[in-house]
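Please find the sequence and the predicted model below.
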Amino acid sequence: MAVAIVTGASTGIGLETAKGLAENNFDLILVSRSSQKLISIKNDLESQYRIKCDVFSYDLSLIESNIKFHEEVVKKFQQVDVLINNVGAIFMDKVITEEGLETTFALNHMSYFVLSNLFIESSNKIRVINVSSEAHRGVSLKLDDLQNNEGYNGWRAYQRSKLANIYLTYELAKKYSGTDSTINCLHPGLVNSDFANNNSLHYKIISSLIKYFGISTREGAMTSIYLASEESLVNKSGLYFDKCRPRKSSTISYNDEVGKYLWAYSIEIMNSYC
Ligand SMILES: NC(=O)c1ccc[n+]([C@@H]2O[C@H](COP(=O)([O-])OP(=O)(O)OC[C@H]3O[C@@H](n4cnc5c(N)ncnc54)[C@H](OP(=O)(O)O)[C@@H]3O)[C@@H](O)[C@H]2O)c1
């Protein structure tokens, strides 16, 4: 059976992605912070489908946790076939992780960066799927301030992290072209999930009103499930998908120099923990 990892799988798009992959007979590795929720999801999925589901509780905003998660998984699984980097959040107030990184950058970008690099290197062949967003349009990365230190704006930091997901996808696709591994990214749609509920009541109310017009989490998971399971995508890499179709990302997201700069900046952070 093929094995798929879904990060941020305890609720929202990640949970529905896990269910969709279980329907498609994938064994699952699910990770988020809340072990209680994950254990209950494991029990539900294993009783409903003929699959195995392993769950891991880690705070993926910490580089060390991403590295430990990878170590735990490779101890138990010889091969991982799909990695869905789905974890993500918006932080309206600036938060610094205990490792000293700005949290939007750490969770939404560095977790994708570290897990993609480690799992591609430890797998013979893997499909990496990065959950980005249409929110990436209309911004560029500030190369002298990749961790949003100056005049923090939560929405801007989020937009930039979703643009970083696209740069990472395109850089990885170039690096691993000619191998059996593929790397793609996607926009799930505007989805009525728990997204933004980690913020103050004021922002929760605003985001609930916006999300009210969104699609269901099941619909939001469709492109992730498609990218993980569709046979015909076996050689497709370095693409941005929306509603299960490739689509152009913003013009600036194709700038190789920016992609390379972000890569060099991120690998230095990662290597300081490896
Ligand atoms: N909702 C939308 O309209 C929308 C639109 C475009 C893109 N997206 C993207 O879709 C992805 C999923 O979003 P969603 O809407 O499903 O969000 P969500 O409902 O808030 O779910 C987020 C998931 O991430 C986990 N998580 C949050 N912080 C974590 C941490 N520090 N360490 C480990 N796990 C953590 C949460 O579980 P725990 O609390 O258990 O840790 C949860 O399982 C994100 O990357 C987001 O940027 C969403």
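On my side now, so go ahead.

Around the closest residue to Val3 other than its chain neighbours, how many other residues sit close by?
Leaving out its chain neighbours, the residue that sits closest to Val3 by CB to CB, 6 or more residues apart in numbering is Asp27, at 4.8 Å. Backbone N, C-alpha and C define where each C-beta goes, glycine included. The number of residues packed near Asp27 is 19, by other CB atoms under 10 Å.

Next: Glu171.
By the criterion of other CB under 10 Å, Glu171 has 21 neighbours.

Wait, a helix at it?
Yes: applying DSSP: H, G, I helix; E, B strand; the rest coil, one finds Glu171 inside a helix.

on that earlier part again, any idea of the pLDDT on the residue nearest to Val3?
For Asp27, the pLDDT comes out at 98.

now do Tyr212
pLDDT recorded at Tyr212 is 88.

Equivalent analysis for Ile39, please.
98.

Do I have it right that it meets Ser57?
No: using CB atoms under 8 Å as the test, Ile39 is too far from Ser57 to be in contact (9.2 Å).

More neighbours: which of the two?
Ser57 (17 against 14).

Next one: that one from Lys37, what distance?
Per CB to CB, to the nearest Å, Ser57 is found 9 Å from Lys37.

Kindly report the same for Glu23.
20 Å.

Of the two, give the one with the bigger neighbour count.
Ranked by neighbour count (other CB under 10 Å), Glu23 and Lys37 place Lys37 first, with 17 against 14.

Secondary structure element holding that one?
helix 35-48 (DSSP states H and E).

contacting residues around that helix?
Contacts to helix 35-48, defined as CB atoms under 8 Å, 6 or more residues apart in numbering, come from residues 9-11, 15, 18-19, 22, 28, 30-32, 51-57.

Drop anything exposed from those residues.
Neighbour counting by 16 or more other CB atoms under 10 Å classes 9-11, 15, 18-19, 22, 28, 30-32, 51, 53-57 among the contacts of helix 35-48 as buried.
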